[in-house]
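S.K.: from the sequence below, what's the structure:
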Amino acid sequence: MKDFFVNVTRYPRYLIAFGLGVLNSVVEPLLQRRSNPVTAVALVGAMVSGLLSVGLVLHAMVSPAPLA
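M.R.: Numbers count the residues shown, from 1 in each chain. Now for the predicted structure:
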C-alpha cells in the first residue's frame, strides 16, 4: 500500500514539471522577439485578447444561466 501512495504523489510533480516545460518552450521564443517594437505591440495585444477571452469564457461558465 505504501508503494501505491508513493506512486500517487509523483503525479502532481509530473504535472507541475510538464506545465513548466510547456510554458518555458512557449515563452522563450516570444521573449527573443520582443526587441522589435511592432512585434512587441502585437505580442501584448495577443496576450491581452487571450486573457480577455479566457476571462469571458470562465465568466460564462460560472455565472448562472439567465431565465428565459
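
S.K.: going forward, measure contacts between C-alpha atoms and count neighbours the same way
M.R.: Noted.

S.K.: okay, helices next: where are they in the protein?
M.R.: 2-32, 37-62 (DSSP state H).

S.K.: what angle do the shortest one and helix 2-32 make?
M.R.: Going by axes from the mean of the first three to the mean of the last three C-alpha atoms, to 10 degrees, helix 37-62 is angled at 140 degrees with respect to helix 2-32.

S.K.: so where is the protein shaky, pLDDT-wise?
M.R.: Low-confidence segments of the chain (pLDDT under 70): 67-68.

S.K.: ok so, going back, possible to save the helices of the chain as TSV with mean neighbour count?
M.R.: Listed next are these as TSV, based on neighbours: other C-alpha atoms under 10 Å:
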stretch	mean neighbour count
helix 2-32	10
helix 37-62	12
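
S.K.: and Arg33, how far from Val44?
M.R.: Here the criterion is C-alpha to C-alpha, to the nearest Å. By it, Arg33 lies 12 Å from Val44.

S.K.: scratch that, Arg13 is what I was asking about
M.R.: Distance of Arg13 to Val44, given as C-alpha to C-alpha: 31 Å.

S.K.: got it, and Pro37?
M.R.: For Pro37, the distance to Val44 equals 11 Å [C-alpha to C-alpha].

S.K.: so which residue is smack in the middle of the protein?
M.R.: Geometric centre of the chain, nearest residue: Leu23, 7.4 Å, by C-alpha atoms, centre = their mean.

S.K.: from Met47, how far out is that one?
M.R.: Relative to Met47, Leu23 is positioned 14 Å away (C-alpha to C-alpha).
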